[in-house]
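J.: quick one, fold the following:
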Amino acid sequence: MARTRGSWTGGTLTARSFLKPHQVATAVFHPAWIPPSLDPTIERLKRFRVIAGAVASIGVYTVLEGGFEVTELLENALTASAVLLFLTPLTVGVMLFVWRRTGTVRQLRVPLLNALKLLLLFIGCVVAMVMLVQWTNGSDSMLAIMGVGLTMMWMLVFVAYGAVRVSGNFFGTAAVHRCLPALLATVTSWLMAIPDLVTGDLHGLSLTMGIVFILGAPVTVTAIAWAEVGRLRRRYGIRLSTHPAGLPPMPSAMPPHAPSQGNPYARG
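T.: Numbering: from 1, shown residues only. Purely as a prediction, here's the structure:
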């Protein structure tokens with residue numbers, strides 16, 4: 001994981017790149033310091049997890065209730081950002097407490113700070129986008145709307161692609177521990193579903209449909225995430241309960257395009 005050093009974007013952005021917000025989002029929200037996937041199967045599992053997570057975040061019931069509304073999506077985005085701002089550091093903190101007997105926080109300082117920066121950067125972009133949309137909708141000046149409209153559309157695409165990226169790498173926490181993204185995806189999806197279950201808010205759906213669409217997403221995310229964790233344990237000996245400093249070195253016979261994956265936390 002020597003990729004934690006150097007440029008955030010790996011020097012991939014140019015002036016022309018800013019004409020394509022999805023390219024900028026890829027460079028910004030999947031930085032060069034995030035380690036590559038160990039094998040194609042894990043990468044496919046992550047993609048399936050992202051799709052299931054999108055269902056959990058947007059909610060199929062939103063469409064079924066009476067159509068897809070941008071204002072409701074923005075409200076959900078702000079709510080999800082607040083949840084992530086609280087839940088991600090808390091979950092990582094719990095794991096640091098679990099790992100305390102076999103390693104120190106100091107050994108993980110660089111990847112932890114990078115992950116925190118990525119989390120704050122994404123939440124800041126979401127808040128900026130929502131404020132821009134609200135200001136545009138509340139403006140009476142046609143000239144102002146036209147002038148800001150292009151920026152707003154650019155931001156919408158940028159944040160949407162960024163959300164897909166951070167859902168896969170979960171703010172680069174794989175640089176801390178390979179199993180952390182799967183754990184965070186599981187915890188987040190359940191936390192977003194539990195309030196509806198506790199309050200009995202089925203969003204206008206019948207009891208059966210409400211339970212299916214509220215529980216379906218977190219159950220699916222959990223199954224895929226733990227399949228990912230299980231493969232990491234069986235194939236590479238990476239266990240969630242083990243401090244990254246105590247993990248075995250990655251296999252020496254890596255694909256030609258992948259860098260060597262030794263233990264980056266070992267002392268000396």
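J.: the one helix or strand residue 94 maps to: how far from the chain's middle?
T.: Assigned by DSSP states H and E, residue 94 belongs to helix 70-99. Between the mean C-alpha point of helix 70-99 and the mean C-alpha point of its chain there is a distance of 10 Å (Cα atoms, centre = their mean, to the nearest Å).
J.: sec struct for residue 8, please.
T.: When classified by DSSP: H, G, I helix; E, B strand; the rest coil, residue 8 comes out as coil.
J.: count of neighbours near it?
T.: Neighbourhood size, residue 8 [other Cβ atoms under 10 Å]: 15. In this view, the C-beta of every residue, glycine as well, is placed from N, C-alpha and C.
J.: so it touches residue 29, yeah?
T.: No - at 10.3 Å, residue 8 and residue 29 do not qualify as touching, with contact defined as Cβ atoms under 8 Å.
J.: same for the host helix or strand of residue 191, what does it pack against?
T.: Remark: residue 191 resides in helix 180-199, with elements defined by DSSP H and E. Packed against helix 180-199 by the contact rule (3 or more Cβ pairs under 8 Å, 6 or more residues apart in numbering; DSSP states H and E) you find helix 40-58, helix 70-99, helix 142-169, helix 207-236.
J.: can you put those in a markdown table and add mean neighbour count, mean pLDDT and distance to residue 112?
T.: Below are those laid out as a markdown table (neighbours: other Cβ atoms under 10 Å; pLDDT from 0 to 100; distance: least, Cβ to Cβ, whole Å):
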| stretch | mean neighbour count | mean pLDDT | distance to residue 112 |
| --- | --- | --- | --- |
| helix 40-58 | 18 | 73 | 21 |
| helix 70-99 | 15 | 85 | 7 |
| helix 142-169 | 17 | 83 | 15 |
| helix 207-236 | 18 | 84 | 20 |
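J.: CSV for the ones you listed, including distance to residue 189?
T.: Listed next are the helices and strands packed on helix 180-199 as CSV, based on distance: least, Cβ to Cβ, whole Å:
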stretch, distance to residue 189
helix 40-58, 5
helix 70-99, 11
helix 142-169, 10
helix 207-236, 4
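J.: any idea of the pLDDT on the closest residue to residue 218 other than its chain neighbours?
T.: In space, and not counting its chain neighbours, residue 218 is closest to residue 189: 4.0 Å by Cβ to Cβ, 6 or more residues apart in numbering. Predicted confidence (pLDDT) for residue 189: 85.
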